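Enquirer: mind looking at a prediction? Sequence and model below.
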Amino acid sequence: MDVAAFSDENFDPKDWINKALRSADSTQTKEAAASSLVLKLQLMISKLNGALEDQCQQVVHSIPRIVLEAEQLQQEATFLKDKLISVKADVESVEQETEQNMHALIQMDRVKERISETSKALQEADNWSILDSQAEEGFAAKDYALVGEKISGMQVSLRLLHHAADYQERVDHLESLRNRLEATLSPQLVKAFSNNDREAAEAIVNIFRGMERDKQLTKYYSKCVKARVAQKWSDFVNAPETDVGDWLNCLYTELLNLAKENQVWCTQVFTQENPSTMTCSIITGCLGGLDPSLEFCMEAAAKLHDSATLLPYLLSLTDRTDKFLADIETYLEGCTEKECRTLGKAVYAPYKQFVNKYRQLETQALTKEMEGWSSGGKDTIEEIHSLSSSVGKLVQLYESAGTRCALFTKGTGFPALAGAIRDSMDKHLDRYRKIMRRLEKRKGIADDDWSVLQHCLSAVQITGDLLNQFEELDMKLSLQLLEACRPYLTKDKAAKPLAQYHNFLLNSEDLTKLEALFGKVSGKSGSGSSAPLLKESLALVKQTSDELQKTSFNIMFHPVETQLDRVSELASKQGPGVSLEANLPEFSFSPQEYITQTGEYLMTLPQHLEPFMSGDTSLLGRALRDGTSIPGAKESAESADTAPVDFLLGCVAVSTCAKYLEQLNGIQNIGNNSARQLGIDIGYLGNVLEDLGHSLSPELSSACALLKVDPAQIKTEGANHPANIVALVKKIRSVQ
């Protein structure tokens, strides 16, 4: 039986009884099971009552003993209190009886201390004179170790003579001895430092340390080491048949050896100095004290290279510098972040001048590489093929430039790289503009020489390839930017003081540009730009593509425009031999020559655009999708899946209708037959457009219908057409 449930705060008797009955033997009736359960509960209650009664008896029997123990504890506490009061009274009595004696003892102890101090002062005064005499003898014998020892002793004596009347004179005398010894030993110390003689330096340093003049020793050492390195640098620079790369190798080898030596110096000589801090400070000073400076040497070497070889040359120098910094890092483990950053700035200082003008350098390198791509001739077909093959070369060239930028500038030059790509791309697009101007001049023969239009559309198609390739290139360059800059631009970076390239290579303005670009590329700025790195370059390509599309359309539409310019002139004339007053039947009219020639030209367009209807048309479609300069582009682009040729034909159809309406606006006061002739011509145009898969615009269709009806019916029929078209037809037909 489950009795644990009785102790539950939420005990429910009904639930417990139901549960107990459900768990009873299934062979028993419910009355028997309930009777058995009641019997068990009665037995349990009986046991509990017995146990409770036993516990109560035990408690009653133990109460007298507890009361007795409490009374005994109270008596002992009272006795302890009385004892404490008695001890306190005895202590106060002793203090009163011995107060005068203790005061006398204190006075006697003070007198003893004063006598002892006076005795020591007399001894030290005598010792001072002896030490001073011995120091002079040491100077005479050139035993400077002895002099240092005696000066140390005089320093100890001076501390005990601070109450003497001539204390200040003694201080001045001791200082003069120190200065004299320092002046004597300084040339020897410099010689030991310069010759890297640790044994001699250690002996002299101990003398300086003994006379408390060791604080300037590290400065002496650093100055000597810097002078030694500067002299070796001068030897490197003046060596025949060497260049900056060789000088850097020698310099970095010398500095690494210096770092190793400095560890030993700090262990044996400068034991109180931090080896890492001292190494960092000395190397930083050495790099800043070179004559000629590294900046000057690199600038002079750069002038010996042309735009094609300069950046690879600088990259080779950077490789040496990166390796040196990686090797020297093991000797800087105990340096602070500030010290490491100062060293990093000194190491990369020579490259800052090139990073600051990286856009110009990269633009020159890219432009130099592109110069050999042009066919150089006036053959349009050859130039088109050259432009097509240049797309892959461009992408490969810019990918290489991105890799070079990441290695040379450590990612800090990506904003400049984006500008360089934009500048070099602008020069490359001049080839497209030259072709465009060349083809624009030949648009008058487009209906005789269809290659003009085909060449222009081929150029547009290449710009579509450029747009696709540049969007992919932007993603690759963006990944390179993130990978290069993430170690020092992200907040959750593992701090590496020697990898803070943005602080080493950039000024504040360029750093702001880099952070802004990094934010856009990483999506943290919320700019929403799909191609933040090559945004300007893509805009240039789109602009050039837009201009090419406009030229292509002008060439394509020029024959139509030429024919339609005759509409207003022909509208005032009737067919030959027909009276102006005669109302001719419908079958008497036929399309005039200008519109039939227009129709013939439009019907031949698909045939000559066939090269752009088969195969992969996605590149041409890509270019046309972003175009904004072709008239009727919005009306023709019904869906993103519209074929490029259908799109172009749609633009021609829209522009043809718009041109015809424009011509109608210049016509007025024509006869009934002339108006009907216009309607016949427009109807013919509509049939041609339908054959091409397009239709008349609603406005021109309304004008066609109203031109064919009798003047008296225009008002009635006009209710079903736009008001502006009705007004136009009334003006044409002189209907009030």
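Expert: In hand now; what should we look at?
Enquirer: okay, and for the stretch 401-550 of the chain, where does confidence drop off?
Expert: Counting by pLDDT under 70, the stretch 401-550 of the chain shows low-confidence ranges at 443-449, 492-495, 524-530.
Enquirer: show the backbone phi and psi for residue 506.
Expert: phi -120, psi 150 (degrees, to the nearest 10).
Enquirer: which non-adjacent residue is nearest it?
Expert: Of all residues not flanking residue 506 in the chain, residue 412 sits nearest, at 5.3 Å (Cβ to Cβ, 6 or more residues apart in numbering). In short, each C-beta sits where N, CA and C put it, glycine included.
Enquirer: helix/strand/coil for residue 305?
Expert: Here residue 305 is recorded as coil under DSSP: H, G, I helix; E, B strand; the rest coil.
Enquirer: what sits against it?
Expert: Listed by Cβ atoms under 8 Å, 6 or more residues apart in numbering, the contact partners of residue 305 are residue 313.
Enquirer: could you give the average pLDDT over the host helix or strand of residue 19?
Expert: Counting by DSSP states H and E, the secondary-structure element that holds residue 19 is helix 13-22. Per-residue pLDDT over helix 13-22 has a mean of 80.
Enquirer: what angle separates the helix or strand following that helix from helix 13-22?
Expert: Scanning forward in sequence from helix 13-22, with DSSP H and E defining helices and strands, the next element found is helix 30-141. When axes from the mean of the first three to the mean of the last three Cα atoms, to 10 degrees is applied, the directions of helix 30-141 and helix 13-22 differ by 110 degrees.
Enquirer: mean confidence score for helix 30-141?
Expert: Averaged across helix 30-141, pLDDT comes to 80.
Enquirer: the helix or strand just after that helix versus helix 30-141: what angle between them?
Expert: Next in sequence after helix 30-141, counting helices and strands by DSSP H and E, comes helix 144-160. An angle of 110 degrees separates the directions of helix 144-160 and helix 30-141 when computed by the same axes, to 10 degrees.
Enquirer: buried residues in the helix or strand just after helix 144-160?
Expert: Toward the C-terminal end, the helix or strand that comes next after helix 144-160 (DSSP H and E) is helix 167-194. When neighbours are counted by 16 or more other Cβ atoms under 10 Å, the buried residues of helix 167-194 are found to be 170, 174, 177, 178, 181, 185, 189, 190, 192, 193, 194.
Enquirer: circling back to that earlier point, in three-state terms, label the residue nearest to residue 506 for me.
Expert: Under three-state DSSP, the three-state class of residue 412 is coil.
Enquirer: and the helix holding residue 19, what does it pack against?
Expert: Secondary structure elements in contact with helix 13-22, counted by 3 or more Cβ pairs under 8 Å, 6 or more residues apart in numbering; DSSP states H and E, are helix 30-141.
Enquirer: re the thing from before, nearest to residue 87, out of the buried residues of helix 167-194: which one, please.
Expert: When these are compared for distance to residue 87 (Cβ to Cβ), residue 170 comes out closest, at 56.1 Å.
Enquirer: isn't the closest one up against residue 132?
Expert: No: applying Cβ atoms under 8 Å as the test, residue 170 and residue 132 come out as separate, 9.2 Å apart.
Enquirer: quick check: the gap between the residue most central in space within the chain and residue 329.
Expert: Taking Cα atoms, centre = their mean as the criterion, residue 518 is the residue nearest the geometric centre of the chain, at 2.7 Å. Between residue 518 and residue 329 the distance, using Cβ to Cβ, to the nearest Å, works out to 25 Å.
Enquirer: repeat for residue 261
Expert: 17 Å.
Enquirer: what are the phi and psi values for residue 534?
Expert: When quoted as degrees, to the nearest 10, the phi and psi of residue 534 stand at phi -110, psi 30.
Enquirer: with residue 25 instead?
Expert: Its backbone dihedrals place residue 25 at phi -60, psi 130, with angles given as degrees, to the nearest 10.
Enquirer: could you do the one 4 residues further on as well?
Expert: Main-chain torsions, residue 29, degrees, to the nearest 10: phi -80, psi 160.
Enquirer: report the contact partners of it.
Expert: No contacts exist for residue 29 under Cβ under 8 Å, 6+ apart.
Enquirer: relative to residue 621, how far out is the residue nearest to residue 506?
Expert: Distance of residue 412 to residue 621, computed by Cβ to Cβ: 39 Å.
Enquirer: with residue 704 instead?
Expert: In this structure, residue 704 lies at 33 Å from residue 621, with Cβ to Cβ as the measure.
Enquirer: who has more neighbours, the two?
Expert: In terms of neighbours (other Cβ atoms under 10 Å), residue 704 is the more surrounded of residue 704 and residue 621; the figures are 22 against 19.
Enquirer: excluding its backbone neighbours, what's nearest the more buried one?
Expert: Of all residues beyond its chain neighbours, the one nearest residue 704 is residue 682 (3.9 Å), with distances taken as Cβ to Cβ, 6+ apart.
Enquirer: helix/strand/coil for the one you found?
Expert: Secondary structure for residue 682, judged by three-state DSSP, is helix.
Enquirer: contacting residues around it?
Expert: By Cβ under 8 Å, 6+ apart, the contact set of residue 682 is 660, 696, 700, 703, 704, 707.
Enquirer: any idea how far residue 733 is from it?
Expert: In terms of Cβ to Cβ, residue 682 sits 14 Å off from residue 733.
Enquirer: just residue 412 next, same as before
Expert: Here residue 412 is placed at a distance of 74 Å from residue 733 (Cβ to Cβ).
Enquirer: between those two, who's got more neighbours?
Expert: Applying other Cβ under 10 Å to residue 412 and residue 733 shows that residue 412 carries more neighbours, namely 28 against 23.
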